[in-house]
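1. model this:
(4 chains)
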2 protein chains.
Amino acid sequence: MEAEMYENLRLQYKIWFTDEAGDGLLGDGKWKILKAIDQEGSLTAACEKLGITYRRTWNDLKSIEKRLGFALLEKNRGGIDGGSTSLTVEGLRLIKAFDNFHERMDTIMHEQFKLLIKDLTSHGKS
Amino acid sequence: MEAEMYENLRLQYKIWFTDEAGDGLLGDGKWKILKAIDQEGSLTAACEKLGITYRRTWNDLKSIEKRLGFALLEKNRGGIDGGSTSLTVEGLRLIKAFDNFHERMDTIMHEQFKLLIKDLTSHGKS
DNA sequence: AAGCGTTATGTTATATTATTCATATCGTTC
DNA sequence: GAACGATATGAATAATATAACATAACGCTT
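-> Modelled structure (predicted):
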(Lines give C-alpha, C1' and ligand atoms only; values in the text may rest on other atoms or scores of the structure.)
Protein backbone atom coordinates (compact mmCIF):
# COMPACT_ATOMS: atom_id res chain seq x y z
CA MET A 1 0.00 0.00 0.00
CA GLU A 2 2.78 2.43 0.85
CA ALA A 3 5.02 1.07 -1.89
CA GLU A 4 3.81 3.54 -4.48
CA MET A 5 4.34 6.43 -2.07
CA TYR A 6 7.99 6.54 -2.97
CA GLU A 7 7.68 5.76 -6.65
CA ASN A 8 8.05 9.31 -7.88
CA LEU A 9 11.07 10.11 -5.75
CA ARG A 10 14.52 10.63 -7.15
CA LEU A 11 17.76 10.39 -5.26
CA GLN A 12 20.36 13.04 -5.84
CA TYR A 13 23.78 13.62 -4.42
CA LYS A 14 26.55 16.14 -4.37
CA ILE A 15 30.16 15.65 -3.52
CA TRP A 16 32.69 18.36 -2.93
CA PHE A 17 36.01 19.15 -1.38
CA THR A 18 36.38 21.55 1.49
CA ASP A 19 39.39 22.91 3.29
CA GLU A 20 40.04 22.16 6.93
CA ALA A 21 37.69 24.96 7.95
CA GLY A 22 34.85 23.30 6.09
CA ASP A 23 34.55 25.96 3.40
CA GLY A 24 33.63 24.60 -0.01
CA LEU A 25 36.50 24.38 -2.43
CA LEU A 26 35.75 22.24 -5.43
CA GLY A 27 32.46 20.69 -6.37
CA ASP A 28 30.31 19.88 -9.33
CA GLY A 29 30.00 23.48 -10.50
CA LYS A 30 33.71 24.18 -10.74
CA TRP A 31 34.32 20.71 -12.07
CA LYS A 32 32.01 21.47 -14.99
CA ILE A 33 33.67 24.83 -15.55
CA LEU A 34 37.10 23.25 -15.68
CA LYS A 35 35.88 20.67 -18.15
CA ALA A 36 34.31 23.34 -20.32
CA ILE A 37 37.50 25.40 -20.27
CA ASP A 38 39.43 22.33 -21.33
CA GLN A 39 37.07 21.86 -24.25
CA GLU A 40 36.67 25.48 -25.30
CA GLY A 41 40.15 26.82 -24.66
CA SER A 42 38.88 30.05 -23.14
CA LEU A 43 37.06 31.24 -20.07
CA THR A 44 34.69 33.44 -22.03
CA ALA A 45 33.64 30.62 -24.33
CA ALA A 46 33.25 28.20 -21.41
CA CYS A 47 30.95 30.61 -19.58
CA GLU A 48 28.83 31.16 -22.65
CA LYS A 49 28.55 27.43 -23.15
CA LEU A 50 27.41 26.85 -19.58
CA GLY A 51 25.26 29.98 -19.41
CA ILE A 52 27.03 31.40 -16.38
CA THR A 53 28.55 34.82 -15.85
CA TYR A 54 32.20 35.52 -16.52
CA ARG A 55 32.49 37.66 -13.40
CA ARG A 56 31.25 34.97 -11.08
CA THR A 57 33.31 32.25 -12.67
CA TRP A 58 36.46 34.30 -12.59
CA ASN A 59 35.98 34.91 -8.87
CA ASP A 60 35.39 31.23 -8.21
CA LEU A 61 38.43 30.11 -10.12
CA LYS A 62 40.69 32.65 -8.47
CA SER A 63 39.44 31.57 -5.06
CA ILE A 64 39.99 27.87 -5.63
CA GLU A 65 43.49 28.30 -7.01
CA LYS A 66 44.47 30.51 -4.11
CA ARG A 67 43.16 28.06 -1.55
CA LEU A 68 44.46 24.94 -3.24
CA GLY A 69 47.89 26.49 -3.35
CA PHE A 70 48.70 25.46 -6.88
CA ALA A 71 47.56 26.44 -10.35
CA LEU A 72 44.87 24.63 -12.28
CA LEU A 73 44.80 27.10 -15.14
CA GLU A 74 47.21 28.65 -17.54
CA LYS A 75 45.96 31.98 -18.75
CA ASN A 76 47.23 34.18 -21.53
CA ARG A 77 46.00 37.55 -22.59
CA GLY A 78 46.53 39.44 -25.76
CA GLY A 79 47.69 37.86 -28.95
CA ILE A 80 45.96 37.14 -32.20
CA ASP A 81 42.94 35.55 -30.60
CA GLY A 82 42.74 37.97 -27.70
CA GLY A 83 43.80 35.44 -25.14
CA SER A 84 43.20 31.92 -23.91
CA THR A 85 42.84 29.74 -20.85
CA SER A 86 43.78 26.08 -20.59
CA LEU A 87 44.27 23.52 -17.86
CA THR A 88 47.62 22.73 -16.29
CA VAL A 89 48.75 19.15 -15.84
CA GLU A 90 47.38 19.25 -12.29
CA GLY A 91 44.09 20.66 -13.51
CA LEU A 92 43.74 17.90 -16.07
CA ARG A 93 44.55 15.21 -13.53
CA LEU A 94 42.00 16.69 -11.13
CA ILE A 95 39.09 16.63 -13.54
CA LYS A 96 40.07 13.19 -14.77
CA ALA A 97 40.09 11.86 -11.22
CA PHE A 98 36.73 13.52 -10.60
CA ASP A 99 35.36 11.91 -13.74
CA ASN A 100 36.35 8.46 -12.56
CA PHE A 101 35.04 9.20 -9.11
CA HIS A 102 31.65 10.29 -10.37
CA GLU A 103 31.40 7.24 -12.56
CA ARG A 104 31.97 4.95 -9.61
CA MET A 105 29.60 6.97 -7.47
CA ASP A 106 26.77 6.81 -9.99
CA THR A 107 26.87 3.04 -9.89
CA ILE A 108 27.03 2.97 -6.12
CA MET A 109 24.22 5.46 -5.69
CA HIS A 110 21.98 3.46 -7.96
CA GLU A 111 22.53 0.36 -5.86
CA GLN A 112 22.07 2.17 -2.59
CA PHE A 113 18.93 3.85 -3.81
CA LYS A 114 17.37 0.49 -4.52
CA LEU A 115 18.33 -0.68 -1.05
CA LEU A 116 16.82 2.41 0.50
CA ILE A 117 13.55 2.03 -1.35
CA LYS A 118 13.42 -1.62 -0.35
CA ASP A 119 13.95 -0.54 3.25
CA LEU A 120 11.15 1.98 2.94
CA THR A 121 8.61 -0.34 1.42
CA SER A 122 9.24 -3.63 3.21
CA HIS A 123 7.01 -3.90 6.26
CA GLY A 124 8.72 -6.67 8.15
CA LYS A 125 9.46 -6.10 11.83
CA SER A 126 12.85 -4.47 12.27
CA MET B 1 55.69 16.07 -4.81
CA GLU B 2 52.06 16.75 -5.48
CA ALA B 3 50.95 14.19 -2.90
CA GLU B 4 50.80 16.71 -0.08
CA MET B 5 48.76 19.09 -2.21
CA TYR B 6 45.64 17.18 -1.37
CA GLU B 7 46.47 16.37 2.23
CA ASN B 8 44.38 19.07 3.81
CA LEU B 9 41.30 18.40 1.73
CA ARG B 10 38.12 16.94 3.13
CA LEU B 11 35.45 15.20 1.14
CA GLN B 12 31.85 16.03 1.91
CA TYR B 13 28.63 14.81 0.48
CA LYS B 14 24.93 15.42 0.59
CA ILE B 15 22.12 13.14 -0.43
CA TRP B 16 18.52 14.13 -0.84
CA PHE B 17 15.25 13.21 -2.39
CA THR B 18 13.66 15.30 -5.08
CA ASP B 19 10.37 15.07 -6.88
CA GLU B 20 10.16 14.41 -10.59
CA ALA B 21 10.70 18.11 -11.28
CA GLY B 22 14.00 17.99 -9.47
CA ASP B 23 12.91 20.17 -6.56
CA GLY B 24 14.45 19.20 -3.24
CA LEU B 25 12.13 17.29 -0.97
CA LEU B 26 13.91 15.60 1.88
CA GLY B 27 17.52 15.91 2.83
CA ASP B 28 19.80 16.09 5.82
CA GLY B 29 18.19 19.17 7.30
CA LYS B 30 14.67 17.85 7.42
CA TRP B 31 15.94 14.44 8.42
CA LYS B 32 17.56 15.99 11.51
CA ILE B 33 14.41 17.92 12.28
CA LEU B 34 12.28 14.81 12.11
CA LYS B 35 14.68 12.99 14.43
CA ALA B 36 14.66 15.88 16.87
CA ILE B 37 10.86 16.01 16.85
CA ASP B 38 10.80 12.30 17.57
CA GLN B 39 13.07 12.84 20.53
CA GLU B 40 11.55 16.03 21.90
CA GLY B 41 7.88 15.47 21.22
CA SER B 42 7.31 19.02 20.03
CA LEU B 43 8.25 21.25 17.15
CA THR B 44 9.15 24.17 19.38
CA ALA B 45 11.50 22.07 21.50
CA ALA B 46 13.04 20.48 18.42
CA CYS B 47 13.79 23.88 16.89
CA GLU B 48 15.36 25.16 20.07
CA LYS B 49 17.51 22.06 20.29
CA LEU B 50 18.77 22.48 16.73
CA GLY B 51 19.03 26.27 16.90
CA ILE B 52 16.76 26.87 13.91
CA THR B 53 13.71 29.07 13.61
CA TYR B 54 10.23 27.74 14.18
CA ARG B 55 8.85 29.70 11.22
CA ARG B 56 11.27 28.26 8.74
CA THR B 57 10.90 24.74 10.03
CA TRP B 58 7.13 24.88 9.97
CA ASN B 59 7.22 25.98 6.34
CA ASP B 60 9.61 23.20 5.42
CA LEU B 61 7.59 20.49 7.09
CA LYS B 62 4.34 21.66 5.58
CA SER B 63 5.95 21.68 2.13
CA ILE B 64 7.39 18.18 2.37
CA GLU B 65 4.15 16.62 3.63
CA LYS B 66 2.16 18.29 0.90
CA ARG B 67 4.54 17.10 -1.81
CA LEU B 68 5.03 13.62 -0.44
CA GLY B 69 1.29 13.18 -0.35
CA PHE B 70 1.14 11.55 3.05
CA ALA B 71 1.64 12.65 6.63
CA LEU B 72 4.89 12.29 8.52
CA LEU B 73 3.71 14.18 11.59
CA GLU B 74 0.85 14.05 13.99
CA LYS B 75 0.22 17.44 15.52
CA ASN B 76 -1.99 18.47 18.41
CA ARG B 77 -2.58 21.90 19.75
CA GLY B 78 -4.01 22.99 23.04
CA GLY B 79 -4.25 20.69 26.00
CA ILE B 80 -2.50 20.68 29.31
CA ASP B 81 0.97 21.03 27.77
CA GLY B 82 -0.04 23.45 25.05
CA GLY B 83 0.33 20.93 22.27
CA SER B 84 2.65 18.32 20.78
CA THR B 85 4.05 16.91 17.56
CA SER B 86 5.13 13.33 16.97
CA LEU B 87 6.01 11.15 14.02
CA THR B 88 3.56 8.90 12.24
CA VAL B 89 4.44 5.31 11.46
CA GLU B 90 5.51 6.41 7.98
CA GLY B 91 7.64 9.19 9.46
CA LEU B 92 9.37 6.78 11.78
CA ARG B 93 10.04 4.32 8.99
CA LEU B 94 11.45 7.11 6.84
CA ILE B 95 14.00 8.34 9.35
CA LYS B 96 14.97 4.79 10.24
CA ALA B 97 15.60 3.98 6.57
CA PHE B 98 17.60 7.20 6.22
CA ASP B 99 19.66 6.26 9.26
CA ASN B 100 20.60 2.94 7.72
CA PHE B 101 21.27 4.60 4.40
CA HIS B 102 23.62 7.17 5.87
CA GLU B 103 25.47 4.51 7.80
CA ARG B 104 26.14 2.57 4.61
CA MET B 105 27.06 5.74 2.73
CA ASP B 106 29.59 6.85 5.33
CA THR B 107 31.48 3.61 4.86
CA ILE B 108 31.29 3.82 1.10
CA MET B 109 32.36 7.46 0.96
CA HIS B 110 35.36 6.74 3.09
CA GLU B 111 36.48 4.03 0.71
CA GLN B 112 35.83 6.10 -2.38
CA PHE B 113 37.64 9.08 -0.94
CA LYS B 114 40.75 6.99 -0.50
CA LEU B 115 40.46 5.80 -4.09
CA LEU B 116 40.07 9.36 -5.33
CA ILE B 117 43.12 10.58 -3.45
CA LYS B 118 45.09 7.65 -4.78
CA ASP B 119 43.95 8.59 -8.27
CA LEU B 120 45.04 12.18 -7.70
CA THR B 121 48.47 11.41 -6.36
CA SER B 122 49.60 8.45 -8.47
CA HIS B 123 51.50 9.60 -11.53
CA GLY B 124 51.39 6.52 -13.66
CA LYS B 125 50.44 6.91 -17.32
CA SER B 126 46.69 6.66 -17.72
C1' DA C 1 -13.13 32.97 31.93
C1' DA C 2 -8.29 33.74 32.49
C1' DG C 3 -3.73 31.65 31.92
C1' DC C 4 -0.44 28.59 29.85
C1' DG C 5 2.38 26.57 26.22
C1' DT C 6 2.14 24.96 21.76
C1' DT C 7 0.79 24.95 16.92
C1' DA C 8 -0.30 28.09 12.97
C1' DT C 9 0.33 32.09 9.92
C1' DG C 10 1.09 36.82 7.95
C1' DT C 11 4.29 40.55 7.61
C1' DT C 12 8.60 42.88 7.84
C1' DA C 13 13.49 43.26 8.07
C1' DT C 14 18.07 41.56 7.30
C1' DA C 15 21.76 39.06 5.19
C1' DT C 16 23.60 36.55 1.63
C1' DT C 17 24.30 35.63 -3.00
C1' DA C 18 24.06 36.38 -7.89
C1' DT C 19 23.87 39.41 -11.75
C1' DT C 20 24.73 43.40 -14.34
C1' DC C 21 27.37 47.38 -15.93
C1' DA C 22 31.48 49.74 -16.70
C1' DT C 23 36.33 49.93 -17.53
C1' DA C 24 41.14 48.66 -17.63
C1' DT C 25 44.85 45.72 -19.43
C1' DC C 26 47.29 42.87 -22.55
C1' DG C 27 49.65 41.40 -26.95
C1' DT C 28 49.02 40.36 -31.61
C1' DT C 29 47.61 41.87 -36.39
C1' DC C 30 47.15 45.16 -40.10
C1' DG D 1 49.22 53.14 -33.57
C1' DA D 2 44.39 51.70 -34.08
C1' DA D 3 41.43 47.74 -33.69
C1' DC D 4 40.25 43.27 -31.88
C1' DG D 5 39.10 39.68 -28.58
C1' DA D 6 40.35 37.83 -24.54
C1' DT D 7 41.61 38.23 -19.47
C1' DA D 8 41.20 41.14 -15.19
C1' DT D 9 38.73 43.97 -11.68
C1' DG D 10 35.66 47.46 -9.23
C1' DA D 11 31.22 48.99 -8.24
C1' DA D 12 26.28 49.05 -8.28
C1' DT D 13 22.13 46.56 -8.62
C1' DA D 14 18.85 42.70 -8.39
C1' DA D 15 17.33 38.54 -6.66
C1' DT D 16 17.00 35.12 -3.24
C1' DA D 17 17.24 33.16 1.16
C1' DT D 18 17.16 33.58 5.97
C1' DA D 19 15.74 35.45 10.13
C1' DA D 20 12.90 38.27 13.18
C1' DC D 21 8.65 40.11 14.87
C1' DA D 22 3.88 40.03 15.83
C1' DT D 23 -0.43 37.79 16.56
C1' DA D 24 -4.09 34.39 16.23
C1' DA D 25 -6.05 29.87 17.42
C1' DC D 26 -6.41 25.89 20.20
C1' DG D 27 -7.75 23.09 24.22
C1' DC D 28 -6.78 21.85 28.63
C1' DT D 29 -6.30 23.51 33.68
C1' DT D 30 -7.56 26.14 37.64
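2. what about the residue of chain A found nearest DNA strand D, neighbour count?
-> Taking CB to the nearest atom of the strand as the measure, chain A has A:Gly82 as its residue closest to DNA strand D, at 2.5 Å. Where C-beta positions appear, they are placed from N, C-alpha and C, glycine not excepted. A total of 10 residues lie near A:Gly82 under the criterion other CB atoms under 10 Å in any protein chain shown.
3. what are the phi and psi angles of it?
-> phi 90, psi -30 (degrees, to the nearest 10).
4. thought A:Leu68 was touching B:Glu7?
-> No - at 11.5 Å, A:Leu68 and B:Glu7 do not qualify as touching, with contact defined as CB atoms under 8 Å.
5. The two - which one has more neighbours?
-> Higher neighbour count among A:Leu68 and B:Glu7: A:Leu68, with 20 against 9, using other CB under 10 Å.
6. Show the pLDDT at the more buried one.
-> What the model reports as pLDDT for A:Leu68 is 90.
7. Enumerate the residues of chain A near DNA strand C.
-> A:52-53, A:55-56, A:77-80, A:82-83 (CB under 7 Å from any atom of the strand).
8. With adjacent residues omitted, what lies nearest to A:Leu61?
-> Using CB to CB, 6 or more residues apart in numbering or on different chains and skipping the chain neighbours, the partner closest in space to A:Leu61 is A:Leu73 (6.4 Å).
9. I'd like the distance between the residue of chain A closest to DNA strand D and A:Glu65.
-> From A:Gly82 over to A:Glu65 the distance is 22 Å, taken as CB to CB, to the nearest Å.
10. do A:Leu87 as well
-> Taking CB to CB, one finds A:Leu87 at 12 Å from A:Glu65.
11. which residues do the two both contact?
-> A:72-73 (CB atoms under 8 Å, 6 or more residues apart in numbering or on different chains).
12. buried set for the longest helix seen in chain A?
-> Of all the elements of type helix in chain A, the one with the most residues (DSSP state H) is helix A:89-121. Using 16 or more other CB atoms under 10 Å in any protein chain shown as the test for burial, helix A:89-121 gives A:91, A:93-98, A:101-102, A:104-105, A:108-109, A:112-113, A:116-117, A:119-121.
13. cool, and stretch A:46-59?
-> Result for stretch A:46-59 [16+ other CB under 10 Å]: buried residues A:46-47, A:50, A:52, A:57.
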